[in-house]
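>>> sequence first, predicted coordinates after that:
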Amino acid sequence: MIGGKFSVCVNCGHRVRELCKKYSNTLKTTNCEKCHHVTDKYIEFEEFIILIDALLLDKCAFRHIIYNGDFKLYWKVSLVVLLLESFALCRQKLSDPANDALNVHEKGFYTYTLHNLGDYLLITCFLLLLTAALGNDQIKKMGVRNFTLTIIKVVVISNLSKFFLLPILVWRNNTTVFGRSVHYVLVMGHHLCSLVLAYEAVGSVKSRLRWLSIALVILAFVLKEYIRHYAAFQLQLHLT
């Protein structure tokens, strides 16, 4: 147990009593009672390596970050990602000439930041509601408060994919509108894959039912996009 929180095996998700044992002046990682693999290899890794594995869609890295690691760093990283995504979307809406591309209006940037925060909250709420509708036992085991925090972490970790929006900012003037659109679609595809794997990693749906995880995440994503576009449409009607 770390800080009163339970730990899990990063390989199979089984709850464990401890991640390592102390022998004299040395620490040795434990083996999982269920799968018999090393419980958490990442406790010996640097945070940067864990972050890279998460970007490479390693489910073990997701489990470590959500359950066994210190999540404080990732709250800070998520803030950077939020600002990066907002800035990238703000620039994407500007016209193509280089002079206009440099004029990122402050009001537009803050607007996109609020939109993105709303997106994060919506996808979290829809995932919680859909999971609860299935009558998942994980909610009963963890409690509503802890499970809600876990889903928030899932959304935060999946948003690390937005780091790949950085090339749009760097090479925006050296590519076409179509090229930027394709790049954005690929980033969103990686984001959805990350969200599916992170959601599956927390045990919301059994591993053999991956299709159900995919269906739930896509449904939550579609509902979120519908609400977002509907709200934007209604807001535009009222303003005009």
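Received, thanks. Please read these numbers as outputs of a predicted model, since none were measured by experiment.
>>> beyond the least confident helix or strand in the chain by mean pLDDT, next helix or strand please.
Within the chain, confidence by mean pLDDT, DSSP states H and E is lowest for helix 98-101 among all helices and strands, at a mean of 48. Sequence order places helix 106-133 as the next helix or strand after helix 98-101, per DSSP states H and E.
>>> list the buried residues in the helix or strand following that following helix.
Next in sequence after helix 106-133, counting helices and strands by DSSP H and E, comes helix 137-142. Within helix 137-142, the residues that count as buried by 16 or more other C-beta atoms under 10 Å are 139, 142. Every residue, glycine included, has its C-beta placed from N, CA and C.
>>> longest helix anywhere in this protein?
helix 210-239 (DSSP state H).
>>> helices and strands around it, which ones?
helix 106-133, helix 177-201 (3 or more C-beta pairs under 8 Å, 6 or more residues apart in numbering; DSSP states H and E).
>>> who wins for proximity to S24 among the ones you listed?
Counting by C-beta to C-beta, S24 lies closest to helix 177-201 out of the helices and strands packed on helix 210-239; the figure is 34.3 Å.
>>> remind me what the closest one packs against, helices and strands.
helix 59-63, helix 144-158, helix 166-170, helix 210-239.
>>> taking helix 210-239 as reference, get the angle to that helix.
130 degrees (axes from the mean of the first three to the mean of the last three C-alpha atoms, to 10 degrees).
>>> contact partners of helix 177-201?
13, 54, 57, 59, 62-63, 66, 92, 96, 123, 127, 151, 154-155, 157-162, 164-165, 167-168, 172, 175, 205, 207, 210, 213-214, 216-218, 221 (C-beta atoms under 8 Å, 6 or more residues apart in numbering).
>>> work out the gap between stretch 62-69 and the centre of the chain.
12 Å (C-alpha atoms, centre = their mean, to the nearest Å).
>>> for that stretch, which outside residues touch it?
2, 5-10, 13, 19, 40, 42-43, 47, 50, 54, 71, 74, 150, 153-154, 157, 197-198, 201-202.
>>> switch the cut-off to 6 Å
Contacting residues not belonging to stretch 62-69 are listed as 7-8, 10, 40, 42, 153, 157, 198, 201 [C-beta atoms under 6 Å, 6 or more residues apart in numbering].
>>> now the residue most central in space within the chain: how far from N31?
Most central in the chain under C-alpha atoms, centre = their mean is S158, positioned 1.8 Å from the mean C-alpha point. S158 sits 29 Å away from N31, going by C-beta to C-beta, to the nearest Å.
>>> do V196 as well
Relative to N31, and taking C-beta to C-beta, V196 is found at 28 Å.
>>> with neighbour numbers in mind, choose between the two.
Between V196 and N31, counting by other C-beta atoms under 10 Å, V196 is the more crowded of the two (22 against 13).
>>> quick one: residues contacting the residue nearest to the more buried one when sequence neighbours are not counted.
The shortest distance from V196 to any non-neighbouring residue, by C-beta to C-beta, 6 or more residues apart in numbering, is to V217 (4.8 Å). Applying C-beta under 6 Å, 6+ apart to V217 gives the contacts 195-196, 199.
>>> so what pLDDT did V217 get?
pLDDT, V217: 90.
>>> could you do L237 as well?
For L237, pLDDT reads 76.
>>> pull the number of nearby residues for it.
Counted with other C-beta under 10 Å, L237 comes out at 8.
>>> low-confidence stretches in this protein?
Scanning the chain for pLDDT under 70 picks out 1-5, 93-107, 136, 204-209, 239-240.
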